[in-house]
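1. One predicted model, sequence on top.
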Amino acid sequence: MSSPTIDAWRARGRFIATPDGEVFVVRLGGGDGIPVLVLHGFPTSSWDFAACVASLASERPVVLFDFLGFGLSDKPVRYAYSLLEQADVALAVARAEGITRAHVWAHDMGTSVATELVARRERIGLPFELVSLTLMNGSVHIELAHLTPGQKVLRTKAGPLFARLMNATAFRVQMRRLFPRPPSDAELDAMWALLARADGALRLPAISGYLTERTRFEGRWIGALTRLDAPTLVAWGRRDPVAVDAIARRLAEEIPGAHLRWWDELGHYPQVEDPARVADTVGAFWREVDAGPRR
């Protein structure tokens, strides 16, 4: 399935090879600002950030990519879709783009990939300097999350059948529950087209295993966050019915020196719901970090 919107997005990017498949990457902007590496969420893609990054890319490079199994990247059958593997993908993109310093900006599932990067930084180091971390609406603390009915079914034996029966109409119904002000049908249809291409819906049960990993690796990931020494912004749509505000408060308490910012009227997808406001918030944070501590 294709559309002018998706075709235009594809035309802005390129594909890089990894051992497990081709990964779609978009690099926007330039200038001498420190680059941003964007980690998107489930079940959508880097396109979620398309409307948000235009102003940000005027002062710094912004690198977005689709994790394997998502969007325009390959969706291999023989792949575990572990968050540990997705962290490998993020590092492959950073290397391919020549990133040596980065602000890491993560949403939803991407927040857990970000915590794995923080854990690796602590244990073995990263191939780039983590200048700052921004976490948006993700269920890092899975015990506090209110999973959707679809997420719950995907984790059961009925998951493969549920995924096979999924269609654009059902997708729109489920996604609208995440938005206080739902996006247009055209936007939701583009999200679905990116999800469904190359049998992507059939990969959802395997991908949903990342929810279990949040419990399995809690000590590794949350422990690393409690020792993180990089500037951190926790920015949250407060009307999120899944990654509820209790998760944001917990993260802000655990991460040393973290800044907590609320978007009171926004839900699970702040960057889709109010791109300009989100860009203003995260852009101001990065400029403050780039300027260094006040004397």
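-> Received it, and whenever you're ready, just let me know what you need. In this text, all values refer to a predicted model and were calculated from it rather than measured experimentally.
2. what's the pLDDT at Asp32?
-> Note on Asp32: pLDDT of 84.
3. Closest to the centroid, which residue in this structure?
-> Most central in the chain under C-alpha atoms, centre = their mean is His40, positioned 2.2 Å from the mean C-alpha point.
4. which ones are touching that one?
-> His40 is in contact with 46, 48-49, 64, 66-67, 70-71, 107-110, counting by C-beta atoms under 8 Å, 6 or more residues apart in numbering. Just so you know, the C-beta spots here come from the backbone N, C-alpha and C atoms, and that holds for glycine as well.
5. rerun at 7 Å
-> 46, 48-49, 107, 110 (C-beta atoms under 7 Å, 6 or more residues apart in numbering).
6. For the strand or helix carrying Leu211, name the packing helices and strands.
-> Per DSSP states H and E, Leu211 falls inside helix 210-216. Contacts defined by 3 or more C-beta pairs under 7 Å, 6 or more residues apart in numbering; DSSP states H and E place helix 210-216 against helix 109-123.
7. Report all helices and strands that the helix it packs on contacts.
-> With contacts defined as 3+ C-beta pairs under 7 Å, 6+ apart, helix 109-123 has these neighbours: strand 36-39, helix 83-96, strand 101-107, strand 129-136, helix 210-216, helix 218-226.
8. what lines up beside the shortest one in the sheet?
-> Using DSSP bridges, strand 36-39 pairs in its sheet with strand 62-65 (parallel), strand 101-107 (parallel).
9. Any chance you could list what contacts the last one?
-> Applying C-beta under 7 Å, 6+ apart, the external contacts of strand 101-107 come out as 34-41, 94, 113-114, 117, 128-138, 271, 282, 286.
10. And for the first one?
-> Identification of contacts with strand 62-65 by C-beta under 7 Å, 6+ apart yields 23-29, 35-38, 46, 49, 53, 56, 93, 97, 99.
11. Quick check: which ranges of the chain have low pLDDT?
-> Under the criterion pLDDT under 70, the flagged ranges of the chain are 1-2, 294-295.
12. go with 80
-> Along the chain, segments meeting pLDDT under 80 span 1-4, 31, 293-295.
13. Counting neighbours, which of the contacts of strand 101-107 end up buried?
-> Buried subset of these (neighbour count, 16 or more other C-beta atoms under 10 Å): 34-41, 94, 113-114, 117, 128, 130-138, 271, 282, 286.
14. Would you mind measuring from Val234 to Tyr269?
-> 16 Å (C-beta to C-beta, to the nearest Å).
15. Give me the nearest residue to Ala17, chain neighbours excluded.
-> Closest residue in space to Ala17, ignoring its immediate chain neighbours: Val23 at 7.9 Å, by C-beta to C-beta, 6 or more residues apart in numbering.
16. That should have said Thr18, apologies.
-> Closest to Thr18 by C-beta to C-beta, 6+ apart is Ala92, at 5.0 Å.
17. coming back round to it: let me have the helices and strands packed on helix 109-123 in TSV, adding distance to Leu161 as columns.
-> Output for the helices and strands packed on helix 109-123, formatted as TSV (distance: least, C-beta to C-beta, whole Å):
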stretch	distance to Leu161
strand 36-39	30
helix 83-96	25
strand 101-107	29
strand 129-136	32
helix 210-216	19
helix 218-226	30
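18. ok, and which of these has the densest surroundings?
-> Comparing those by mean neighbour count (mean count of other C-beta atoms under 10 Å), strand 36-39 comes out on top with a mean of 27.
19. roughly how far apart are the closest residue to Val25 other than its chain neighbours and Ala206?
-> Using C-beta to C-beta, 6+ apart and skipping residues adjacent in sequence, the residue nearest Val25 is Phe65, 4.4 Å away. Distance, Phe65 to Ala206, using C-beta to C-beta: 19 Å.
20. Mind checking which of those two has more residues around it?
-> Taking other C-beta atoms under 10 Å, Phe65 and Ala206 do not tie; Phe65 has more neighbours (30 against 20).
21. Name the nearest of the contacts of His40 relative to His259.
-> His107 (16.8 Å; C-beta to C-beta).
22. For the stretch 151-295 of the chain, which segments are assigned as helices?
-> In the stretch 151-295 of the chain, the segments counted as helices under DSSP state H, counting those that start in this stretch are 159-165, 168-176, 185-196, 204-207, 210-216, 218-226, 245-254, 270-273, 275-291.
23. of all these, which gets the most neighbours per residue?
-> helix 270-273 comes out most buried of these by mean count of other C-beta under 10 Å, with a mean of 25.
24. ok now it, how far from the chain's centre?
-> Here the centre of helix 270-273 is set off from its chain's centre by 12 Å, with C-alpha atoms, centre = their mean, to the nearest Å.
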